[in-house]
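> Generate a structure from the sequence data that follows.
(chains A and B)
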Amino acid sequence: MLAVWKREFQNYFLTPIGYVFMAVLLLAGGLFFHLDNVLRGTNSLVQMFSDLMYVFMIVVPILTMRLISEEKRTRTDQLLLTSPLSIPAMVIGKYLAALSVFLISLVGTVFNIIVINTYGRVYWGLILSNYLGYVFMGCVYIAIGLFMSSVTENQVSAAVLTFGVILLLQIIENVGSLQMPTYLSFIKTIASWFSLFGRYYTFTAGIVSLANIIYYISFIAVLLFFTMRVIDKRRWSEG
Amino acid sequence: MIEIQNVSKRYGDKWAVKDVSFTINKGEVLGFLGRNGAGKSTTMNIVTGYISATNGRVLLDGYDILENPREVKRHIGYLPEIPPLYIDMTVDEYLRFVCSIKEVETKHITNHVNDICELMRIQDHKKRLIKNLSKGYKQRVGMAQALIGNPEIVIMDEPTVGLDPKQIIEIRHLIKELGEDHTVVLSSHILPEVADVCERLVIINKGQIVAQDTLENLTRGISDTFRFRLRIAGPERETQKAIREIPGLVSIDAMGSKEPDTCDFLIESDRQVDIRRPLFNTMSKLGYPILMLRPMDLELEDIFLQLTSDTEEVL
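The predicted model follows:
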């Protein structure tokens, strides 16, 4: 697992992908910090993270699109699958590599906290819960991207699918928040099951709920499990 | 060592391989021969655990590859038809990565990579990016990858495809070297390659095994005559007449004259009779020296075509 993580992580910086991903996130992070905090004179990072989430939604497919699809296309999966390496180790290694790049990009935003701390007051609890929410959302998006990368051999398809699924989840969320007559309330109920963003907003309000953390972890675990199954299933494919 | 038992693989309503059974013995160099699309790669992919068979099973020293994949995969090095190379890495980085996934102990990795690079003669290219290497060197890196972890069995699928003649000779030489201390399975559609390198052949056609034996036995099984090419310094009619009288002769064809005052023949004799001695004596009595007597073994191509052109009849 460690070997796969190391290879994937290095690969992000042998190709432009890692740099592009981090540059876009840091640029957007800096811009939103300027617009939401510096110009408005607030010390809350809620708006910045919330805006950054939209940019993240666009760049996460770049980070995850080639993770598994590229292995299939270049047949390097033959090396991994005929070695003693297990499929879970391979999937988790790849997942952690993408996650590492994402977490490194977060380090850049620490600068924002230093600025707030210099000119105002930092509410550490609130900031940490904001970070936690943002990290969990990142973990979920990357898991979606990894899964989509396993279902196709084409990187572009993987990227489009990832973006599409994240967008769909956002739409479900918006539908759930609409005013509805009581006979359609089941739609609201179903939408609330998927409410990734709703749970994220509880983090931005400074509420760290164990139920929400378990929800995100389960969501990620299910996606990683599906990814492993897709890779394993291909070996049995008779199509 | 490896037993392939009644392995079949279906894609849609077509069987890529059907009921394939053969054994790979310890220490041998086995040739797996078949035309393009005969099911060679599918079989190799099943044996190495890359894909699963629809029916049948693969056992390595009694371990089933599906039940004990890690145990079995540790003993097999595999070079697929397209070498599985990460082209953005250097040769050294790539081989170190392969060491890690093949569970080579960290403290031994540097020495192990050096040894294998030396064996494959790629020491001078260790720091180069794989994407900048020539096809021949990429193939060597692919072979090096298969040797990492010192597997007892090395399986190579079409290792010389797309290489130039000089590279082909070098790769064959490397395979021969490997055969000295490994069990090697060489899958190929190139007959001279298999004949040159392998001790035993398994021939597959349309997904089914049509023959498996040593080259010698395969040749013998197909023909009941010996063939010779003969050149005699003497007149054609007289020598031909004399040869016809030798017991055991099946046929004689005049092949014209390739040198001044000589004549060439293609003769066929019964396998039970060695006609070379009576032939020598006859010509000696006539005073016509034999300038050339060359046995013409049935070419591997002949065997191959005969076996693969009419599968039903052979089966």
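> In terms of secondary structure, what does the helix or strand harbouring residue B:240 contact?
Per DSSP states H and E: residue B:240 is located in helix B:236-244. In terms of contacts (3 or more C-beta pairs under 8 Å, 6 or more residues apart in numbering or on different chains; DSSP states H and E), helix B:236-244 is packed against strand B:249-256, strand B:263-270, helix B:276-286. Where C-beta positions appear, they are placed from N, C-alpha and C, glycine not excepted.
> need the contact list for the closest residue to residue B:184 other than its chain neighbours.
Leaving aside its chain neighbours, residue B:184 sits nearest to residue B:29 (4.6 Å; criterion: C-beta to C-beta, 6 or more residues apart in numbering or on different chains). Taking C-beta atoms under 8 Å, 6 or more residues apart in numbering or on different chains, we find residue B:29 in contact with B:175-176, B:179, B:183-184, B:186, B:197-200.
> What is the neighbour count of residue 190?
In the absence of a named chain, chain A is used. Residue A:190 has 12 neighbouring residues, counting by other C-beta atoms under 10 Å in any protein chain shown.
> Correction: the question concerned chain B.
For residue B:190, the count of nearby residues is 17 (other C-beta under 10 Å).
> Pretty sure it sits against residue B:160.
Yes - contact between residue B:190 and residue B:160 holds when scored by C-beta atoms under 8 Å: they sit 6.7 Å apart.
> Okay, the one residue in the stretch 51-200 of chain B that gets nearest to chain A and residue A:89: tell me how far apart.
Closest to chain A within the stretch 51-200 of chain B is residue B:100: 3.3 Å, counting by C-beta to the nearest C-beta. To residue A:89, residue B:100 is 11 Å away according to C-beta to C-beta, to the nearest Å.
> likewise residue B:49?
Distance, residue B:49 to residue A:89, by C-beta to C-beta: 15 Å.
> In terms of packing, which of those two has more residues around it?
residue B:49 (22 against 18).
> And that one, what's its pLDDT?
Looking at residue B:49, its pLDDT is 90.
> Around chain B, which positions in chain A sit nearby?
Counting by C-beta under 8 Å from any C-beta of the partner chain, chain A comes close to chain B at A:2-4, A:6-7, A:10-11, A:14-15, A:74-86, A:235-239.
> For the most centrally placed residue in chain B, which non-adjacent residue is spatially closest?
Taking C-alpha atoms, centre = their mean, the centroid of chain B lies closest to residue B:194, which sits 2.0 Å from it. Spatial nearest neighbour of residue B:194, excluding adjacent residues (C-beta to C-beta, 6+ apart): residue B:31 at 3.6 Å.
> Out of the helices and strands packed on helix B:236-244, which gets nearest to chain A?
Of all the helices and strands packed on helix B:236-244, strand B:263-270 comes closest under C-beta to the nearest C-beta, at 47.4 Å.
> Now do the SS call for the residue nearest to residue B:229 when sequence neighbours are not counted.
What sits nearest to residue B:229 in space, not counting adjacent residues and going by C-beta to C-beta, 6+ apart, is residue B:294, at 4.5 Å. Assigned state for residue B:294: strand (three-state reduction, DSSP: H, G, I helix; E, B strand; the rest coil).
> Check what pLDDT residue B:294 gets.
pLDDT for residue B:294: 86.
> residue in chain A nearest to chain B?
Nearest residue of chain A to chain B, counting by C-beta to the nearest C-beta: residue A:3, 3.3 Å away.
> residues near that residue, how many?
For residue A:3, using other C-beta under 10 Å, the count is 21.
> Checking my notes, it in a helix, right?
Yes - read with three-state DSSP, residue A:3 is one of the residues of a helix.
> show me the contacts for it.
Shown in contact with residue A:3 (C-beta under 8 Å, 6+ apart): A:85, A:93, B:97, B:100-101.
> ok, residues contacting the helix or strand bottoming out on mean pLDDT in chain A?
In chain A, no helix or strand scores lower on mean pLDDT, DSSP states H and E than helix A:185-193, which sits at a mean of 77. With contact meaning C-beta under 8 Å, 6+ apart, helix A:185-193 is reached by A:172-173, A:175-177, A:180, A:198.
> Restricted to helices, list the residues you listed.
Mapping these onto helices (DSSP state H) picks out A:172-173, A:175-176, A:198.
> for the chain, what are the low-confidence residue spans?
Going with chain A. By pLDDT under 70, the weakly predicted segments of chain A are A:238-239.
> I was thinking of chain B, sorry if that wasn't clear
Across chain B, residues meeting the criterion (pLDDT under 70) sit at B:219-224, B:297-302, B:308-315.
> one more time with 80
Applying pLDDT under 80 to chain B picks out residues B:162, B:191-192, B:215-225, B:271, B:296-315.
> what does it put close to chain A?
Residues of chain B lying near chain A (C-beta under 8 Å from any C-beta): B:9-12, B:45, B:48-52, B:54, B:69-70, B:73-74, B:76, B:78, B:80, B:82, B:84-89, B:93, B:97-98, B:100-103, B:145.
> From those residues, list the buried ones, please.
Buried members of those, scored by 16 or more other C-beta atoms under 10 Å in any protein chain shown, are B:9, B:45, B:48-52, B:54, B:69, B:73-74, B:76, B:78, B:80, B:82, B:84-86, B:89, B:93, B:97-98, B:100-102, B:145.
> Find the helix or strand that residue A:101 is a member of.
Going by DSSP H and E, residue A:101 is part of helix A:87-107.
> just so I have it, where are all the helices in chain A?
For chain A, the helices defined by DSSP H occupy A:2-14, A:16-33, A:46-64, A:69-74, A:77-81, A:87-107, A:110-119, A:124-151, A:155-176, A:185-193, A:196-204, A:210-236.
> winner for burial among those helices?
helix A:77-81 (a mean of 24; mean count of other C-beta atoms under 10 Å in any protein chain shown).
> Who are the contact partners of residue B:279?
B:230, B:243, B:246, B:290, B:293 are the contacts of residue B:279 under C-beta under 8 Å, 6+ apart.
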